[in-house]
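Student: Could you work out the structure for the sequence below:
(one chain, ligands or ions: 1)
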Amino acid sequence: MDAEQLDLTLPVHTFDGTVVLADQDKRAEHTAPAGTRVRLRLINTDSDPHRFALAGTPFRVTAVDGRDLNQPGEVSAAGLRLPAGGRYDLAFVMPDTPVALVLDNDHANGLRLRPDGHAGTAGADTSGWPELDLLRYGTPAAVPFAAGSRADRYFTMVLDRGVAMVDGRPAYAQTVNGRGHPAIPDQLVAEGDLVRFTVVNRGLDTHPWHLHGHSVLILSRNGTPSSGSPLWTDTFDVRPGEVWEVAFKATNPGIWMNHCHNLPHAHQGMMLRLRYDGVTTPFHGPHTAHGAGTVRSRHHDH
Ligand SMILES: [Cu+2]
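Tutor: Below is the predicted model:
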C-alpha cells in the first residue's frame with residue numbers, strides 16, 4: 001500500500017508589491033499526517049529571484065525545470081534561490097512535527113504543514129542558511145555530449161548596461177555585446193549542431209538567461225565545472241560578475257527568442273533570436289525563403 005501523498009503546486013507571483021504563493025498572500029496551512037510523502041512544486045513567475053527555505057525536515061530537490069536530478073542527496077538548513085521562470089520540486093516524508101516553507105525569509109507568508117492535532121511551530125530563523133549550490137548537488141551521470149567535446153557553434157554574450165538603440169530609439173539599455181534589440185545579430189545554427197554559449201555578466205543586475213525551445217546543460221560557472229547531477233535548465237541566473245558556460249544540441253528547428261527572463265530587462269533591449277539555417281518567418285515576407293531567385297526587400301513588409 002502506498003503511503004499517503006500530498007502534491008502541492010506553488011507558483012509565486014508579486015501583484016502590486018504583494019507576494020502571493022499559490023492563491024495566498026498570508027501563510028497557508030495544510031494538515032499532513034506523519035509519513036505522508038510530500039512534493040512541493042515551486043514555480044517563480046516573477047522577474048526577480050525568490051529565496052525559499054524548508055524548515056523542520058530534511059528534503060531533496062528532485063527536479064529542476066521539470067527534469068529529474070540524478071541521485072539528489074538529502075539536505076537541510078539550506079536556502080534555495082529560484083530564478084525568474086525557474087521551477088524546483090522538493091520532496092520529503094512528513095515528520096511528526098510541523099514543517100514550514102519560508103519565502104524570502106518572511107514567516108508571515110509561505111506554507112505551514114502540520115501533522116494531525118499538532119499545535120507547535122517550525123519557526124526557525126532561515127535567513128542565515130547557506131544557499132544550496134545546484135552545480136555541486138547530486139551525482140554525475142551520462143549526458144548526450146561530453147562537457148569537453150568540441151562544439152559546432154560558439155556564441156559569447158556579454159551582458160551589460162549602456163547607451164544603445166532599442167526598437168529604433170536611443171536608450172540606456174540592457175545590452176548584449178553592446179547592442180539592444182533588435183540590433184543584436186541573430187545566432188545562426190544548423191539542425192544537429194552542438195552549440196555552446198558563454199554568458200558574461202558585466203553589469204550590476206542579475207540576468208536570468210532563457211533560451212526558448214531548448215533546455216541547456218550547465219557546463220561551468222566562473223570556470224568551475226559543474227560537478228553534481230547533470231543540470232538541465234530552461235533558465236540560469238547569471239549574477240553580476242559571473243561567467244556561465246552552457247551547451248545544448250540544436251534539435252528543435254525554428255526561430256527562438258533568446259533573452260533575459262527579467263522582462264523589464266528584455267524590454268530594455270536584452271533579447272535576440274536563435275535561428276536555424278533555412279527557417280524563415282512570415283514577418284520578413286513569405287517570399288524570402290532560401291533558394292528563391294529573388295528576395296523581396298524587407299522594407300516592403302513594414
Ligand atoms: Cu536581465
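Student: use CA for all of it now, contacts and neighbours both
Tutor: Noted.
Student: C-alpha coordinates for the helix or strand Val19 falls within, PDB please?
Tutor: Val19 is part of strand 18-21 when elements are defined by DSSP states H and E. Taking C-alpha atoms only, strand 18-21 is exported to PDB below (Å, rounded to 0.1, in the frame of the first residue of the first chain):
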ATOM      1  CA  THR A  18       2.200  41.800  -2.600                       C
ATOM      2  CA  VAL A  19       3.900  38.400  -2.800                       C
ATOM      3  CA  VAL A  20       1.400  35.700  -3.400                       C
ATOM      4  CA  LEU A  21       2.200  31.900  -3.100                       C
END
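Student: Can you tell me what sits against that strand?
Tutor: Residues from elsewhere that reach strand 18-21 (C-alpha atoms under 8 Å, 6 or more residues apart in numbering): Leu10, Pro11, Val12, His13, Thr14, Asp25, Lys26, Asn109, Gly110.
Student: Buried among those? Need that as a selection in ChimeraX.
Tutor: Restricted to buried positions by 16 or more other C-alpha atoms under 10 Å, the ChimeraX selection for these reads:
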select :10,11,12,13,25,109,110
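Student: Let's have the contacts of strand 18-21 in CSV, adding distance to Ile255, pLDDT and secondary structure.
Tutor: Rendered in CSV, the data for the contacts of strand 18-21 read as follows (distance: C-alpha to C-alpha, whole Å; pLDDT from 0 to 100; DSSP: H, G, I helix; E, B strand; the rest coil):
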residue, distance to Ile255, pLDDT, secondary structure
Leu10, 31, 95, strand
Pro11, 28, 95, strand
Val12, 29, 94, strand
His13, 29, 93, strand
Thr14, 31, 92, strand
Asp25, 38, 80, coil
Lys26, 41, 81, coil
Asn109, 40, 83, strand
Gly110, 39, 89, strand
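Student: Can you lay out the contacts of strand 18-21 as CSV showing distance to the ion?
Tutor: Formatted as CSV, those follow (distance: C-alpha to the ion, whole Å):
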residue, distance to the ion
Leu10, 24
Pro11, 21
Val12, 19
His13, 18
Thr14, 18
Asp25, 26
Lys26, 29
Asn109, 27
Gly110, 26
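Student: Tell me what the residue of the stretch 151-300 of the chain found nearest the ion is bridged to.
Tutor: Distance from the ion to each residue of the stretch 151-300 of the chain (C-alpha to the ion) is smallest for His207, at 3.5 Å. Taking DSSP bridges as the rule, His207 bridges to Val238.
Student: list the contacts for Gly180?
Tutor: The neighbours of Gly180, taking C-alpha under 8 Å, 6+ apart as the test, are Ala164, Met165, Val166, Asp167, Ala173, Gln174, Gln268, Gly269, Met270, Met271.
Student: Since that was my last question, I'll sign off now.
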